[in-house]
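Q: I'd like to go over a predicted model; first the sequence, then the structure.
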Amino acid sequence: MSRFVPLLQRFAKDESGVFAVLFGLMAIVLIALGGATVDYVSLEQTRQRAQVALDAAALALQPEIYRSGLTQSELEADLLAKAQAIVLERIGDIDVTEAQVDQIGIDTEAGRLTLGGNFALPTRFVRLVGVEQLGASLTAEAVRGAVDVEVAVALDVTGSMSGQRLRDLQDALDDLIDAIVQDEQEPNYTKMALIPYAQAVNVGGFAEALRGPIRGPADISSMSWATGGTKNISGITKSSRASVTADRHGFRNGAWVYIWDVNNMNQINQRAYQVANRSRDTFELQDENGNWVDSRWYDNYWGGGQVVECLVARCETVVTANDHGFSEGDYTYVRDVSWLNGINDRTFRVTNVTTNTLRLEGYSMIGQGTYRANTGKLHCTKQSALVGCDYYLFTSASNRTTVHGITSCVTERGGAEAFTDAAPSIRYVGRNYPGSNGCPTNQIVPLTSNKSVLHDMSDALVARGSTSGSLGILWSWYMLSPEFGYVWPEASRPANYKRERLLKAAIIMTDGEFNTVHYDGVIARNSASGSGSNNEKINRDAHNGASYDQARAYCDAMNDASTGIAVYTVGFGIVEGSNAANVLRYCASSADNYFLAANASDLSAAFEKIARNISSLRLAQ
């Protein structure tokens, strides 16, 4: 027994081989505990991404809670499906085994959308102690904020947009309209303006208020060249001073007469002469330079002939148009005269002007037909600061005298207010005389919350003309400017800049290089390729510089802190690094506000992101 006790004590103290077992057991626990930190960090990072994704879903989908045509359960199911898709896209973690958005609350009266969900993330380390995955629950809420929204969208509708590109734009625009303009306009409004632009911007019935009044044509009431009755000629001498016999002709010395229908002596026919050395039945002839008419070498007179007195020298046409408004030396463009040849659609210098009459230099109606009374119009052709003409006469870049007609389009203004949004009442915007390049078909839509009006414009878009991208930028600013507000109907007037609880945003879309600028409303000679023929451009450079210089200057002014306008730019089919892409990047308020879209899908995605961005600025979380 005495030997057994020490043996037992030695056995109790012997630890050889136990440490390895204990270390193995402890190592599992230690690794699991240490790895738990890694798993937790991964969980927290994923949770943050998921929360941001769910917040984005709530912000993007909140406007849809007012959508009609669905039952409550159908609407909830649709919003949950869309939220799920947004969350999965935004999380972007392939290790997430499960992510669900399965809770929804809608309060249309308060404008509130609440979303809830959860996700699961497989563990890497704590699975060693039997914990296979970790999860977290999420909630997000978007409430209609107390913010009014005014958005102006400049749309490139130039010729390069024709066909599929225009249809792609229309589809993307329709989605943008629905995403931004809400059905409920209380307690806060959401309004959009559309500015289709090409060579210029068509302002329709607002033209006079924006570019000033246009002097209309003067109505012609009569045109004539002769006075008194026709006299029969009974003889013409062949002498160094031809003498005409016409019984009791009644002409005075210095009067002008016209002779025709003389037999055989054709050299004297169809010409105007001055009367000299008159007697009761005879008179001698002088030409327009005062030289005696020498008929010695003419054919023999065989009888016949008619003579009549002219109203004015050289038997020019005298036009009567009461209160016509022309001054000596002005030029007029004549249209709509009936039954006369060689007068319509021509420009004439006017002379011998009185209040109600004038002459068209170089035109005689003799032999051109018989004027039909009270037809024809005299159009003015020169510019003035306050009143424009319905036609504009200018020298083209190919040194041709050219006439273009006015349109309801407008262009950039020059002078001290060129790069400001000063009211048109201070300085009118530019008129437009485009020639064949044409005024865009589609007219602007001032700020409105009427989605039908906006969608109708989208459906009606027509592509034609060259690209005045600088005007698209300028007019996206003007449509948001309170200085222009008095021009529009009251419901379309922009609010003041930087007003509390107001968001103003401009979206500028283009598909090509800027190539068109203007001088006095005519396409300027320093416009780039694609802007038309030199025969139709004015032989002057644009008031405000080349296209991209103007564009940057307008962007600088619109992006000024005093306006508070958020500027978004979208290039459709434009290559990064091109002049157009560079100016769009320059013009955007931030790098995140600049988009290039290679195709229809990209364009829709760009408009969708802009709508989300505007919604996130509008909504309070």
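A: Yep, that arrived.
Q: Helices along the stretch 351-500 of the chain, start to end?
A: 451-460, 469-478 (DSSP state H, counting those that start in this stretch).
Q: Which one of those lies nearest to Arg278?
A: helix 469-478 (65.7 Å; Cβ to Cβ). Where C-beta positions appear, they are placed from N, C-alpha and C, glycine not excepted.
Q: what pairs with the following helix or strand past that closest one, and is each one parallel or antiparallel?
A: Per DSSP states H and E, the first helix or strand lying C-terminal to helix 469-478 is strand 502-510. Here strand 502-510 has these sheet partners by DSSP bridges: strand 148-156 (parallel), strand 565-572 (parallel).
Q: buried ones in the first one?
A: Using 16 or more other Cβ atoms under 10 Å as the burial criterion, the residues of strand 148-156 that qualify are 148-156.
Q: Check which element follows it along the chain.
A: Immediately after strand 148-156, counting by DSSP H and E, sits helix 164-180.
Q: what is Leu256 paired to in the beta sheet?
A: I think there's a mix-up here, since residue 256 is Trp and not Leu. Gln274.
Q: Let me see the contact set for it.
A: 272-275, 309-310, 312-315 (Cβ atoms under 8 Å, 6 or more residues apart in numbering).
Q: rerun that using 10 Å as the cut-off
A: The contact partners of Trp256, taken as Cβ atoms under 10 Å, 6 or more residues apart in numbering, are 225-226, 272-275, 286, 288, 309-316.
Q: My reading is that Glu608 lies in a strand. Confirm?
A: No: counting by DSSP: H, G, I helix; E, B strand; the rest coil, Glu608 falls outside a strand, being helix.
Q: returning to that earlier point: by pLDDT, give me the weakest of the buried residues of strand 148-156.
A: Minimum pLDDT for those is recorded at Asp148 (92).
Q: Cross-check the contact I'm expecting between that one and Glu186.
A: No: judged on Cβ atoms under 10 Å, Asp148 makes no contact with Glu186 at a distance of 11.1 Å.
Q: for stretch 549-565, what is the average pLDDT?
A: For stretch 549-565, the mean pLDDT works out to 97.
Q: hang on, the earlier thing: narrow the contacts of Trp256 to those in helices?
A: Among those, DSSP state H puts none in helices.
Q: re earlier: looking at the helices of the stretch 351-500 of the chain, which is buried most?
A: Ranked by mean neighbour count under mean count of other Cβ atoms under 10 Å, those are led by helix 469-478, which reaches a mean of 29.
Q: Which strands and helices lie in contact with it?
A: If contacts are counted by 3 or more Cβ pairs under 10 Å, 6 or more residues apart in numbering; DSSP states H and E, helix 469-478 sits against strand 148-156, strand 190-197, strand 201-202, strand 409-410, strand 502-510, helix 547-558, strand 565-572, helix 579-587.
Q: Mind doing that once more with 7 Å?
A: Counting contacts by 3 or more Cβ pairs under 7 Å, 6 or more residues apart in numbering; DSSP states H and E, helix 469-478 packs against strand 148-156, strand 190-197, strand 502-510, helix 547-558.
Q: ok, residues contacting it?
A: 152, 154, 156, 195, 197, 200-201, 411-412, 421, 484, 506, 508, 510, 514, 517, 547, 550-551, 554-555, 558, 587 (Cβ atoms under 7 Å, 6 or more residues apart in numbering).
Q: before we move on, what SS does Leu210 have?
A: Leu210 - assigned by three-state DSSP - is helix.
Q: change the start of the numbering to 5 and stick with it
A: That works, and once the first residue is 5, the last one we named lands at Leu214.
Q: Give me the most central residue, the chain.
A: Taking Cα atoms, centre = their mean, the centroid of the chain lies closest to Tyr201, which sits 2.2 Å from it.
Q: For the spatially closest residue to that residue that is not a sequence neighbour, give me the pLDDT.
A: The spatially closest residue to Tyr201, leaving aside those adjacent along the chain, is Gly476, at 4.1 Å (Cβ to Cβ, 6 or more residues apart in numbering). We have a pLDDT of 98 for Gly476.
Q: just the one 5 residues further on next, same as before
A: According to the model's per-residue confidence, Trp481 sits at a pLDDT of 98.
Q: how close does it get to Ala615?
A: As for Trp481, its distance to Ala615 is 20 Å (criterion: Cβ to Cβ, to the nearest Å).
Q: Ok, Pro67 next?
A: Counting by Cβ to Cβ - Pro67 and Ala615 are separated by 8 Å.
Q: So between the two, which is more surrounded?
A: Neighbours per residue, other Cβ atoms under 10 Å: of Pro67 and Ala615, the larger number sits with Pro67, 24 against 21.
Q: I'd say the more buried one and Val185 touch.
A: No: with contact defined as Cβ atoms under 7 Å, Pro67 does not reach Val185; the gap is 8.9 Å.
Q: Need the overlap of contacts for the two.
A: By Cβ under 7 Å, 6+ apart, Pro67 and Val185 have no common neighbours.
Q: How about Tyr396: what's its closest non-neighbour residue?
A: Nearest non-adjacent residue to Tyr396, counting by Cβ to Cβ, 6+ apart: Tyr437, 4.4 Å away.
Q: Repeat that for Phe398.
A: Ile542 (4.9 Å).
Q: Tell me the spacing between the residue nearest to Ala259 when sequence neighbours are not counted and Val311.
A: If the residues on either side of it in the chain are set aside, Ala259 comes closest to Val279, at 4.6 Å by Cβ to Cβ, 6+ apart. Distance of Val279 to Val311, given as Cβ to Cβ: 10 Å.
Q: which neighbours do those two share?
A: Common neighbours of Val279 and Val311, counting by Cβ under 7 Å, 6+ apart, are Val261.
Q: What values do phi and psi take at Ala146?
A: Main-chain torsions, Ala146, degrees, to the nearest 10: phi -120, psi 130.
Q: Next, count neighbours for it.
A: Around Ala146 there are 26 residues (other Cβ under 10 Å).
Q: For it, list each beta-bridge partner.
A: Leu117.
Q: what does the domain assignment say about this structure?
A: For the chain, the TED database gives the domain ranges 20-147, 152-216+411-515+546-624, 230-313, 321-384.
Q: which one of those lies closest to Leu390?
A: Closest approach to Leu390 among those (Cβ to Cβ): domain 152-216+411-515+546-624, 6.2 Å.
Q: Where does pLDDT dip in the protein?
A: Residue ranges of the chain with pLDDT under 70: 5-48, 50, 96-101, 125-139, 148-150, 620-625.
Q: Three-state assignment for Ala61, please.
A: Recorded secondary structure, Ala61: helix (three-state DSSP).
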